[in-house]
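Peer 1: 3D, please:
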Amino acid sequence: MRKEFLFIFLAFVVTNTIKAQTKGNKVGYIDMEYILQNVPNYTEATIQLEQKAQKWKQEIEVKKIEIKKLTEALKAEKPLLTKELIEERESDIKFLENEILDYQQKRFGANGDLIHQKTALAKPIQDQVFTAVQDIAEAKKYDIIFDKSSDMSILFAAKRFDISDQVLRVINKTEKREKLTKKQLEAEEALAKKEDAIDENPVLSDRQKALEEKKAAREKLIADRKLALEQIKKENDAKRQQAVADREAKKSGTVSAPVKTEENKANTTSTNEAEAAAKKALEAARQKQIDDKAKATAERNKVIEDRKKALEEKRKKILEEREAIKKANEEKRLKTIEENDAAKKAKEEEKIKENTNPN
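Peer 2: Okay, here's the model as predicted:
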């Protein structure tokens, strides 16, 4: 009995240990480039910096054209100039060329103005991103969050692990917080929680998208129906006004009863046509809703297929590169072996030669 109890206890301990070891970590990632592109302040500043860089490039081009003109002029006048003048002009041209190289390095080099200013622009946003990532990680118990746009080799990352939109919401919420009232802040918090829940669950995300599509189609259907009802109401108002006018005309004796009957018949026909048009508009709206849904499904399937194809091509390319490296290493190894064998053979031949020639 004691042995059975001990066996059950040990099995329980081992099972819990295995579960603890195999429990997966909660992982997420961000795309820093995507976040920076969707921060308005950074986008505007980047456009201004690009304009400044274009101005620097134009200055460099102007100086290059000037040097080209001086070089062509020297080439044309060289037969007429003395050696001292030629050397002086060549020295001036060399000085201008070095000046351009220094200017290019200053503006576009590894430690140039463009790199420094880009870093200065991105740093405040990156600090906000790091703060937002820490807040999200603590609030939602993430174990690992990495940057997809860094130098890490990522062959595949599921969209459900992407928290870039959550980080953007945190940054935008922080900027708007000072401008909102307490009630607006509560509404923003509730909306953020709902969006976060959708981001974390792909099923909820697809369901939310389907609901939004249905809502848009329903709103369009209601708008078409409202337009048709307004048309019918307009026709009925016109009919009512015509009836009042006919009644007044009959009292004055200017319109006969047969004429009124024909006009009533025409009004009835007009109303029936309006109702038929309204019904046709509703059918067209329903059909458009079905077509839009089918089109959205086809586009979504195409996006998925394109992603699969791109990933397959990338994987194939990586395998080819690895195979090429492996082949190059094998060829290098064989070449080294051949060289060693040749050297050894030459050494042996030299030794034999020395032994056969004692003098």
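Peer 1: in the stretch 51-200 of the chain, which spans are helices?
Peer 2: 83-108, 113-140, 164-177, 182-200 (DSSP state H, counting those that start in this stretch).
Peer 1: quick one: mean pLDDT for the shortest one?
Peer 2: Helix 164-177 shows a mean pLDDT of 75.
Peer 1: helices along the stretch 201-350 of the chain, start to end?
Peer 2: So, for the stretch 201-350 of the chain - with DSSP H, counting those that start in this stretch - the helices run 202-252, 257-356.
Peer 1: and those helices: which comes nearest Q117?
Peer 2: When these are compared by Cβ to Cβ, helix 257-356 sits nearest Q117, at 33.0 Å. To be clear about C-beta, it is placed using only N, CA and C from the backbone, and glycine gets the same treatment.
Peer 1: by contact count, what packs against that closest one?
Peer 2: helix 202-252 (3 or more Cβ pairs under 8 Å, 6 or more residues apart in numbering; DSSP states H and E).
Peer 1: what angle do the helix it packs on and helix 257-356 make?
Peer 2: Orientation note: helix 202-252 sits at an angle of 160 degrees relative to helix 257-356 (axes from the mean of the first three to the mean of the last three Cα atoms, to 10 degrees).
Peer 1: by contact count, what packs against helix 202-252?
Peer 2: If you count contacts as 3+ Cβ pairs under 8 Å, 6+ apart, helix 202-252 packs onto helix 182-200, helix 257-356.
Peer 1: pLDDT of it, averaged?
Peer 2: Summarised as a single mean, pLDDT over helix 202-252 is 75.
Peer 1: low-confidence bits of the stretch 251-359 of the chain, can you list those?
Peer 2: Applying pLDDT under 70 to the stretch 251-359 of the chain flags residues 252-275, 277-278, 357-359.
Peer 1: then the stretch 1-150 of the chain?
Peer 2: Looking at the stretch 1-150 of the chain by pLDDT under 70, you get 1-25.
Peer 1: mind redoing it with 50?
Peer 2: Residue ranges of the stretch 1-150 of the chain with pLDDT under 50: 3, 5-7, 13-14, 17-22.
Peer 1: if we can go back for a sec, can I get the helices of the stretch 51-200 of the chain in JSON lines including distance to T46?
Peer 2: Below are the helices of the stretch 51-200 of the chain laid out as JSON lines (distance: least, Cβ to Cβ, whole Å):
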{"stretch": "helix 83-108", "distance to T46": "16"}
{"stretch": "helix 113-140", "distance to T46": "7"}
{"stretch": "helix 164-177", "distance to T46": "16"}
{"stretch": "helix 182-200", "distance to T46": "27"}
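Peer 1: of those helices, which stretch is the most buried?
Peer 2: Ranked by mean neighbour count, the helices of the stretch 51-200 of the chain are led by helix 164-177 with a mean of 17 (mean count of other Cβ atoms under 10 Å).
Peer 1: could you say what helices and strands it packs with?
Peer 2: Packing partners of helix 164-177 (3+ Cβ pairs under 8 Å, 6+ apart): helix 32-37, helix 113-140, helix 182-200.
Peer 1: if we use 10 Å, what do you get?
Peer 2: Under the contact criterion of 3 or more Cβ pairs under 10 Å, 6 or more residues apart in numbering; DSSP states H and E, helix 164-177 touches strand 27-30, helix 32-37, helix 40-77, helix 113-140, helix 182-200.
Peer 1: what would these look like in JSON lines with distance to E331?
Peer 2: Formatted as JSON lines, the helices and strands packed on helix 164-177 follow (distance: least, Cβ to Cβ, whole Å):
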{"stretch": "strand 27-30", "distance to E331": "38"}
{"stretch": "helix 32-37", "distance to E331": "38"}
{"stretch": "helix 40-77", "distance to E331": "43"}
{"stretch": "helix 113-140", "distance to E331": "39"}
{"stretch": "helix 182-200", "distance to E331": "50"}
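Peer 1: about what we covered before: now the helices of the stretch 201-350 of the chain in TSV, with distance to N111 and mean neighbour count?
Peer 2: As requested, the helices of the stretch 201-350 of the chain are arranged in TSV below (distance: least, Cβ to Cβ, whole Å; neighbours: other Cβ atoms under 10 Å):
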stretch	distance to N111	mean neighbour count
helix 202-252	44	13
helix 257-356	31	11
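Peer 1: who wins for proximity to Q37 among these?
Peer 2: Comparing the helices of the stretch 201-350 of the chain by Cβ to Cβ, helix 257-356 comes nearest, at 19.6 Å.
Peer 1: my guess is Y142 contacts K26. True?
Peer 2: Yes - here Y142 reaches K26: they are 5.1 Å apart, a contact under Cβ atoms under 10 Å.
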